[in-house]
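J.: Give me the fold of what follows.
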Amino acid sequence: MNSITLFPGRYIQGKGVLHDLGAECARLGSKAFLIASPYSLKHYARTILENAPEGLVIVQEQFNRECSDEEIQRLHELCAKNQCNLVVGLGGGKTLDAAKAAAHKAGVPVIMAPTIASTDAPCSSVCVIYTPEGVFSWVDYLPRNPDVVLVDTSIIVKAPARFLASGMGDALATWFEAESCRIKRAPNIAGAVGSMTAYALARLCWETIRDYGVSALSACEANVVTPALERVVEANTLLSGIGFESAGLAAAHAIHNGLTVVPGINRFYHGEKVAFGVLVSLFLTEKPPSLIDEIYGFCESIGLPTTLADLGMENASDQLLLDVAEKACTPEDSMHNEPFDISPAKIADMIKAADAWGLKRKNG
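T.: Sure thing, here's the model as predicted:
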């Protein structure tokens, strides 16, 4: 099987780089359709407009909070009505996904400008689609990655530090899932095996957050940009983005998907649920106790969940855990990229094992 590696067209990161967004727009088009979250439209659109080069027209539109088929169609129609030849997404993950999908429908380039570093969505071709009420609907795999990803770290540090920690939870899964896919030669998002580059970047992603995660979180809490913060933002966004798409997904994200059946779980961020999925996967993949303790220690150090209670599931019944496991083991999910025999009963047991290890550490 051939390998395929997926990349964004250009990745730009640094303090104050939002000032360069206009120049990037002018490189790709002459009339940009800016889709922005309400907060981003109020606080950051002016910076883009004030630094836009002469001749560039920017049409602004507020994102309506849910990346639904209806919202994507609305944005696409507005983009076409205004005869824009470029789309820019400014905000969090749902805003960016909607911008990607609208640009694809319009057949124009797209620039991603994330305002938080909580997931690896900005670099990917994947769009998660919800109903207008916010219930998960389906996943759209677009034929191309964003043309530009521009990450202004002076904006990232203004967001609550919990977003950065959640991004590290999502990034934490990258190497562990990539390693399972490498061993099994399971397919990546493109349907091919991962490349040497993809697996190496996935490993670098883990090493970066391991070495710099605590320092980066401290910097974010102080609203300052440091070299550690820059490294972790790059790991959360670029390394994890390339890693998950090009090396593959496995148990951690499947556990996340399984957890969506739990009432009230939506108050926890994507990366927080993925992080607990990583802990479950450590037992499924028979990792040595020394590595298990290292990963639990890392999660504890940046405030990621290590027990069911941390996810509000301290009273979870055996049946609820089995429901989670059954959802995680659906035929189309990435759980089957693990190089081990899989069954809902086995996954439910691994969830209990992960919870027990976390409780043991908490109780000394």
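J.: going forward, measure contacts and count neighbours with C-alpha atoms only.
T.: Noted.
J.: what residue lies at the spatial centre of this structure?
T.: Of all residues in the chain, the one closest to the mean position by C-alpha atoms, centre = their mean is residue 119, 2.6 Å from it.
J.: Surely it forms part of a strand?
T.: No: under DSSP: H, G, I helix; E, B strand; the rest coil, residue 119 sits outside any strand and is assigned coil.
J.: ok, the closest residue to it other than its chain neighbours to residue 235 distance?
T.: Closest residue to residue 119 apart from its sequence neighbours, by C-alpha to C-alpha, 6 or more residues apart in numbering: residue 167 at 4.7 Å. If you measure residue 167 against residue 235 using C-alpha to C-alpha, to the nearest Å, the figure is 9 Å.
J.: can you list residues touching both of those two?
T.: Applying C-alpha atoms under 8 Å, 6 or more residues apart in numbering, one finds that no residue jointly contacts residue 167 and residue 235.
J.: Could you pull out the buried residues of stretch 307-321?
T.: 307-308, 310-313, 320-321 (16 or more other C-alpha atoms under 10 Å).
J.: Stretch 81-90 too?
T.: Under the neighbour-count criterion of 16+ other C-alpha under 10 Å, stretch 81-90 has 84-90 buried.
J.: Just checking the distance from it to the centre of its chain.
T.: Averaged C-alpha coordinates place stretch 81-90 at 24 Å from its chain's average position (C-alpha atoms, centre = their mean, to the nearest Å).
J.: Between the two ends of that stretch, how far is it?
T.: With C-alpha to C-alpha as the measure, stretch 81-90 spans 20 Å from end to end.
J.: got a list of contacts for that stretch?
T.: With C-alpha under 8 Å, 6+ apart as the test, stretch 81-90 has contacts from 25, 28-37, 40-41, 59, 79, 95-96, 98-100, 102-103, 108-115.
J.: Going by neighbour count, which residues in the helix or strand residue 167 falls within are buried?
T.: Taking DSSP states H and E as the criterion, residue 167 maps to helix 161-184. Of the residues in helix 161-184, 161-182 count as buried by neighbour count, 16+ other C-alpha under 10 Å.
J.: still on that earlier bit, of the contacts of stretch 81-90, which belong to helices?
T.: 25, 28, 40-41, 79, 95-96, 98-100, 102-103 (DSSP state H).
J.: Just the buried residues of these.
T.: 25, 28, 40-41, 79, 95-96, 98-100, 102-103.
J.: By mean pLDDT, flag the weakest helix or strand of the protein.
T.: Lowest on mean pLDDT, DSSP states H and E among the helices and strands of the chain sits strand 136-141, with a mean of 84.
J.: So which elements touch that one?
T.: Applying 3 or more C-alpha pairs under 8 Å, 6 or more residues apart in numbering; DSSP states H and E, one finds that strand 136-141 contacts strand 126-130.
J.: Give me the mean pLDDT for the strand it packs on.
T.: On average, the pLDDT along strand 126-130 is 89.
J.: now stretch 254-265
T.: On average, stretch 254-265 scores 92.
J.: With stretch 309-326 instead?
T.: 96.
J.: outside of that stretch, which residues touch it?
T.: 255, 258-262, 265, 268, 273, 305, 308, 343-345, 347-348, 351.
J.: How about stretch 183-195?
T.: Stretch 183-195 has contacts (C-alpha under 8 Å, 6+ apart) with 1-6, 181-182, 244-249, 337-339.
J.: go on, stretch 276-289?
T.: Here stretch 276-289 makes contact (C-alpha under 8 Å, 6+ apart) with 172-173, 176, 251-256, 292, 295-296, 304-307, 338, 340, 347, 350-351, 353-354.
J.: and it, which residues are buried?
T.: 276-284.
J.: returning to what we had before: and which of the buried residues of stretch 307-321 is nearest residue 331?
T.: Ranked by distance to residue 331 (C-alpha to C-alpha), the buried residues of stretch 307-321 are led by residue 321 at 18.1 Å.
J.: how close does the closest one get to residue 349?
T.: Distance, residue 321 to residue 349, by C-alpha to C-alpha: 9 Å.
J.: ok, the residue nearest to the centre of the chain touching residue 170?
T.: Yes: using C-alpha atoms under 8 Å, residue 119 makes contact with residue 170 at a distance of 6.1 Å.
J.: what residues are shared contacts of these two?
T.: Jointly contacting residue 119 and residue 170 under the rule C-alpha under 8 Å, 6+ apart are 236, 270-271.
J.: What subset of those residues is buried?
T.: Taking 16+ other C-alpha under 10 Å as the criterion, what is buried in those is 236, 270-271.
J.: so how far is the one helix or strand residue 151 maps to from its chain's centroid?
T.: Secondary structure assigned from DSSP H and E places residue 151 in strand 148-152. From the chain centre to the centre of strand 148-152 is a distance of 15 Å (C-alpha atoms, centre = their mean).
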